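> Structural data only, the sequence is not supplied:
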């Protein structure tokens, strides 16, 4: 079953909009149209119906500065060029997010493994979280204590992973990421994205097929993960629960990066401005 699911995602691709699908098919006239679809929005990403009570105007990338407090606006104006471009330059932001998504799905060890090893010295729930992943891999349920540990570890590692990936794209080393205006932006943005990624993607551990969906843009990534997890409660030989956990975090973060919205960045800018 695992390989059938992986194979399905190797052959098929989902696109964020009908226009993106149309452009792809135009560039690839021999592509099998039945294998390519427009991505369905997650429940949490669906818009509220018009006229909903207390509905607020949705922020867009074009008007992102209009929704900021005066303090956050001043923060952006005083920030390095990378921050200004990320907030205001659509092309630069897309390029940055695509590069981060690619790095996290194709080479999760580069950022997630480093964050994992570093976090082990700061977070004491690793053992409980790992035992919870073992239970999940074996078809069992996590205990409440394991769930709390899982969430804490996942968020902690996700924050460090995003900070490393974003800092790398900004050309910022570890020393820069940990201080100054640029560091505040990277830190606050990483926290906002990480928390949403864990809550949306990992708060309730999904089935194996959903794990595949989370990371379906990298066929190699999915195949490796599914092979490690196994199916129907059967574990593959020599499975390292820590490695599976790391790959799950990488997949969840990559998915959230793909759907990063301006409101999340607004929240991050407000938090960064307050920290300065």
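Nice, thanks for sending it over. Values in this document were obtained by computation on a predicted structure and should not be read as measured data.

> check contacts around residue 162.
Residue 162 makes contact with 100, 189-190, 193-194, 253, 257, according to CB atoms under 8 Å, 6 or more residues apart in numbering. C-beta: built from backbone N, CA, C; applies to glycine.

> Please apply the same query to residue 132.
142-143, 146-147, 149-150.

> Lowest pLDDT pick from the residues you listed?
Ranked by pLDDT, those bottom out at residue 142 (85).

> could you say which helix or strand contains the residue lying closest to that one once chain neighbours are set aside?
Spatial nearest neighbour of residue 142, chain neighbours left out: residue 132 (4.0 Å); criterion: CB to CB, 6 or more residues apart in numbering. Using DSSP states H and E, residue 132 sits in helix 126-137.

> those helices in the stretch 101-250 of the chain, which residues are they?
108, 114-119, 126-137, 144-169, 174-177, 180-197, 208-214, 219-229, 241-258 (DSSP state H, counting those that start in this stretch).

> Against residue 114, how distant is residue 169?
16 Å (CB to CB, to the nearest Å).

> So which of those two has more stuff around it?
Neighbour count, other CB atoms under 10 Å: between residue 169 and residue 114, residue 169 has more, with 19 against 14.

> so the more buried one makes contact with residue 93?
No. Judged on CB atoms under 8 Å, residue 169 makes no contact with residue 93 at a distance of 10.5 Å.

> Low-confidence ranges, this structure, go.
1-17, 20-21, 23-24, 27-28, 31-32, 34-37, 39-57, 172-179, 204-239 (pLDDT under 70).

> domains of it?
Using automatic domain parsing, the domain parsing of the chain gives 1-39, 70-275.

> sorry, back to before: who wins for most neighbours among the contacts of residue 132?
Each of the contacts of residue 132 was scored for neighbours by other CB under 10 Å, and residue 150 scores highest at 25 neighbours.

> I'd assumed residue 129 was in contact with that one.
Yes. With contact defined as CB under 8 Å, residue 150 reaches residue 129; the gap is 4.5 Å.

> Can you check which residues contact both of those two?
Contacts common to residue 150 and residue 129, judged by CB under 8 Å, 6+ apart, are absent.

> Identify the residues contacting the nearest residue to residue 203 once chain neighbours are set aside.
Using CB to CB, 6+ apart and skipping residues adjacent in sequence, the residue nearest residue 203 is residue 151, 7.1 Å away. Taking CB under 8 Å, 6+ apart, we find residue 151 in contact with 198, 202-203.

> so which of those comes closest to residue 38?
residue 202 (25.0 Å; CB to CB).

> Could you double-check that that closest one lies in contact with residue 249?
Yes. Counting by CB under 8 Å, residue 202 does reach residue 249; the two are 7.4 Å apart.

> Between these two, which contacts overlap?
Contacts common to residue 202 and residue 249, judged by CB under 8 Å, 6+ apart, are residue 154.

> Compare the two (neighbour count), which wins?
residue 249 (28 against 22).

> give the contact list for the more buried one.
Residue 249 neighbours (CB under 8 Å, 6+ apart): 108, 112, 154, 157-158, 161, 198, 202.
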